[in-house]
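Student: give me a model of this one.
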Amino acid sequence: MEFPEAILFDLDGVLLDTEPLLAKAWNETAKEYNHSLSKDKLLELKGRRRIDCAKKLLKWINKENSIEELLVIQKAKVDQEIFKAKPFRGAIDLINFCIQTKLPIALVTSSSSESFKIKSSNNPWLNLFNIKIFGDDKFINAGKPSPDPYIRALKLLDVEPNKTWVIEDSYAGSVSGLKAGCNLMFFSKDIEILSKLINEFTQEKIEKINALSEIIYYLKFYQGF
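Tutor: Reported below is the predicted structural model:
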């Protein structure tokens, strides 16, 4: 990969360690309907918009329940957990490094604008992003794994997708970024998903990272620091 024109960041599971909290909230919601979510089903929800997750859960429950009712239950569950979310090590340093070196960045998240307000209240550094694409953005037709969210960010930044890095941890989010034509920095230990992505796309577009500090190393290396 070449030095990027811009970096697009996912939020949950990349900057904030929220995925275990969100998985717990969805599992607890399913239990309200006498349903249990397997590890595979929880992975299927990962990285998607809340409304899309709710639709999948209703399908799995296989009952004609109100999606509005389910969302109310899920919100109550997640509100009990989400305030505990902490940044991943290196997240704040990476954002500040990009800003200091004038490297364009954007936040591209499946979280709604309301959910972001809750998460950023305890993590005000998230407001360093001037460009934020939320799951309820009125300019996108579909959430991840659709490429729409990343295409929207590319348009606002006015950068080329093949010269842009996307940092993602989920299958849905990774597919979204790759379908938009971007290069993927896969921040996850899930080798199965990584192999699946490489088979579906191409090795040249994907780099696995184990820590966000590796991104700063790559950027310094490309800049000759």
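Student: CA atoms for contacts and neighbours, from now on please.
Tutor: Fine.
Student: domain assignment for this structure?
Tutor: 6-17+86-223, 19-83 (automatic domain parsing).
Student: tell me which of those domains is the most buried.
Tutor: domain 6-17+86-223 (a mean of 18; mean count of other Cα atoms under 10 Å).
Student: compute the first-to-last residue distance for that one.
Tutor: End-to-end distance of domain 6-17+86-223 (Cα to Cα, to the nearest Å): 14 Å.
Student: now W26. Nearest residue, chain neighbours left out?
Tutor: Q74 (6.5 Å; Cα to Cα, 6 or more residues apart in numbering).
Student: for I167, helix, strand, or coil?
Tutor: The assignment at I167 comes out as strand when based on DSSP: H, G, I helix; E, B strand; the rest coil.
Student: and the helices in the chain?
Tutor: 19-31, 39-45, 50-61, 67-79, 91-100, 113-121, 148-157, 171-179, 191-200, 213-223 (DSSP state H).
Student: can I get those helices in TSV including distance to E2 and mean pLDDT?
Tutor: Output for the helices of the chain, formatted as TSV (distance: least, Cα to Cα, whole Å; pLDDT from 0 to 100):
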stretch	distance to E2	mean pLDDT
helix 19-31	30	91
helix 39-45	31	92
helix 50-61	34	92
helix 67-79	39	91
helix 91-100	16	96
helix 113-121	31	92
helix 148-157	17	98
helix 171-179	16	97
helix 191-200	19	96
helix 213-223	7	89
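Student: okay, those in JSON lines with distance to N130 next?
Tutor: Formatted as JSON lines, the helices of the chain follow (distance: least, Cα to Cα, whole Å):
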{"stretch": "helix 19-31", "distance to N130": "24"}
{"stretch": "helix 39-45", "distance to N130": "28"}
{"stretch": "helix 50-61", "distance to N130": "23"}
{"stretch": "helix 67-79", "distance to N130": "26"}
{"stretch": "helix 91-100", "distance to N130": "11"}
{"stretch": "helix 113-121", "distance to N130": "14"}
{"stretch": "helix 148-157", "distance to N130": "10"}
{"stretch": "helix 171-179", "distance to N130": "20"}
{"stretch": "helix 191-200", "distance to N130": "30"}
{"stretch": "helix 213-223", "distance to N130": "20"}
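Student: do you know which of the ones you listed lies nearest I131?
Tutor: Checking the helices of the chain against I131 by Cα to Cα gives helix 148-157 as the closest, at 7.6 Å.
Student: CA atoms only: put the closest one into CSV for me.
Tutor: Taking C-alpha atoms only, helix 148-157 is exported to CSV below (Å, rounded to 0.1, in the frame of the first residue of the first chain):
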residue,chain,number,x,y,z
ASP,A,148,-22.6,3.7,0.8
PRO,A,149,-21.1,5.0,4.1
TYR,A,150,-17.5,4.9,2.9
ILE,A,151,-18.5,6.3,-0.5
ARG,A,152,-20.1,9.2,1.3
ALA,A,153,-16.9,9.9,3.3
LEU,A,154,-14.7,9.7,0.2
LYS,A,155,-17.0,12.2,-1.5
LEU,A,156,-16.8,14.7,1.4
LEU,A,157,-13.0,14.4,1.7
